[in-house]
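# Predicted model and sequence follow; I will ask about them next.
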Amino acid sequence: MGGEIRVAVVGVGNCASSLVQGVTFYRRNPDEAMGLIHHEIGGLRVGDIRFACAFDVDARKIGRRLSEAVFAAPNCSRIFCRDLEDDGAVVHAGPMMDGVAGHLEKFDEGRRTVVGGAAKSAGLEDVVRVLKETGTTVLVNYVPVGSQRAAELYAEVCLQAGVAMVNCIPVFIASDTKWAERFRGAGVAIVGDDVKSQFGATITHRVLMKLAEQRGMAIDSSYQLNVGGNMDFLNMLERGRLTSKKVSKTEAVTSQVPMKEGNIHIGPSDYVPFLGDTKVCYVRMNMRGFGGLPMELDMKLSVEDSPNSAGVVVDAVRCLALARRAGVGGVLEEVSAALMKRPIRQMEEDDAKEAMERWIAKMKG
């Protein structure tokens, strides 16, 4: 029931580095279940993922093997599997579009140059051709937050190449009815939008909010603030790129417990260089309990940011492979509800998990 899943990675940053390292790790340790939501999905293991190609706009990565490029500057994710298995994937030049924030084009903080000279920007036809030539079946979109035009271009690429898509960023593709209909009509599967961390700020916050409500607490106000030192946080210093991110993260929480506008604040707070790929999350909930007496909750969560998303992406990739095997296209609603912050249909956490398990069982036949 297994089989090779040929994956393209768009954006060879920290998230891609953790994903590529993790695939080698679990390929070498096929019986290891630690750190995985699902050890197998329809007979597919993490080690069945094979990297077919990749795309980036940084000249320091373009032209290199993916197994080498994931360690190139300015990546700073923790290295937990250095000697990577090489699937032969090469990093190609991708379309520049809006994939690089203006303030990053000449950024140099302690010689941490962001773009090592932008390479020649490729076009849509170039990407489609590479996907077809490399036999890619799933594309993982890791372009930076706020890259609206770039994300839409890669969605168009997937439709033209017949390649399934995992949209890891908060540009609304799978949750947009027009895009969703186009993917359904083309018979191409998609999971999105905006990947949840496996155990991160948003999922922890929404579970705490739901628990408080179930235990009879009145939640007056709440915030979630995140700081980190990776390229994601540096990119988000351009506040104009945060609109969809704030919508996605806020909806993920308020879908569990409705809150009045102005009583909840969720979003990145600042870039702290020395944190590297560590993300520190602060959650506060102001509540009233029995007799209207006040209660406050303050929580701090510190995580290695990029691996926290990779543990979810490997499930999304395998579900898309399962859908392809079953001839299913369009938005995988149950999978998106379980794995994404902004699915086309929000569900409560337990309901989404159960729905995804039923979907997997159905696809297995």
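Now that the structure is in, tell me what you want to look at. Residues are numbered from 1 along each chain as shown.
# Arg27 sits in which helix or strand?
In this structure, Arg27 sits in helix 14-28 according to DSSP states H and E.
# Alpha carbons of that helix, as CSV, please.
Taking C-alpha atoms only, helix 14-28 is exported to CSV below (Å, rounded to 0.1, in the frame of the first residue of the first chain):
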residue,chain,number,x,y,z
ASN,A,14,13.8,27.0,7.7
CYS,A,15,10.5,25.2,7.4
ALA,A,16,11.8,23.4,4.3
SER,A,17,15.0,22.5,6.1
SER,A,18,13.2,20.9,9.0
LEU,A,19,10.9,19.0,6.5
VAL,A,20,13.8,17.7,4.5
GLN,A,21,15.8,16.7,7.6
GLY,A,22,12.7,15.0,9.1
VAL,A,23,12.1,12.9,6.0
THR,A,24,15.7,11.5,6.2
PHE,A,25,15.3,11.0,9.9
TYR,A,26,12.1,8.9,9.6
ARG,A,27,13.3,7.1,6.5
ARG,A,28,16.3,5.8,8.5
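# list the buried ones in that helix?
Residues of helix 14-28 classed as buried: 14-27 (neighbour count, 16 or more other C-beta atoms under 10 Å). Glycine gets a C-beta too; all of them are placed from N, C-alpha and C.
# can those residues go into a markdown table with extra columns for pLDDT and distance to Gly192?
Supplementary listing: those in a markdown table, determined by pLDDT from 0 to 100; distance: C-beta to C-beta, whole Å:
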| residue | pLDDT | distance to Gly192 |
| --- | --- | --- |
| Asn14 | 96 | 20 |
| Cys15 | 96 | 15 |
| Ala16 | 98 | 17 |
| Ser17 | 98 | 21 |
| Ser18 | 98 | 19 |
| Leu19 | 98 | 16 |
| Val20 | 98 | 21 |
| Gln21 | 98 | 23 |
| Gly22 | 98 | 20 |
| Val23 | 98 | 21 |
| Thr24 | 98 | 26 |
| Phe25 | 98 | 25 |
| Tyr26 | 98 | 23 |
| Arg27 | 97 | 26 |
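# what's the closest of those to Glu304?
When the buried residues of helix 14-28 are compared for distance to Glu304 (C-beta to C-beta), Ser18 wins out at 8.0 Å.
# That closest one touches Ser306, doesn't it?
Yes: counting by C-beta atoms under 8 Å, Ser18 touches Ser306, with 4.0 Å between them.
# re earlier: against which helices or strands is the helix holding Arg27 packed?
Helix 14-28 sits against strand 5-10, strand 49-56, helix 66-69, helix 305-326, with contacts defined as 3 or more C-beta pairs under 8 Å, 6 or more residues apart in numbering; DSSP states H and E.
# next helix or strand past the shortest one?
Per DSSP H and E, the first helix or strand lying C-terminal to helix 66-69 is strand 91-93.
# Pull out the buried residues from that next one.
Buried residues in strand 91-93, counting neighbours by 16+ other C-beta under 10 Å, are found at 91-93.
# Let me have these in JSON lines, extended by pLDDT and distance to Asn75.
Shown next, in JSON lines, are the buried residues of strand 91-93 (pLDDT from 0 to 100; distance: C-beta to C-beta, whole Å):
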{"residue": "Val91", "pLDDT": "98", "distance to Asn75": "12"}
{"residue": "His92", "pLDDT": "97", "distance to Asn75": "18"}
{"residue": "Ala93", "pLDDT": "94", "distance to Asn75": "18"}
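# The residues you listed into JSON lines, with extra columns for distance to Arg345?
What follows is these, written out as JSON lines (distance: C-beta to C-beta, whole Å):
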{"residue": "Val91", "distance to Arg345": "35"}
{"residue": "His92", "distance to Arg345": "35"}
{"residue": "Ala93", "distance to Arg345": "36"}
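# And those residues, which is closest to Ala338?
Out of the buried residues of strand 91-93, the member with the shortest distance to Ala338 (by C-beta to C-beta) is Val91, at 30.5 Å.
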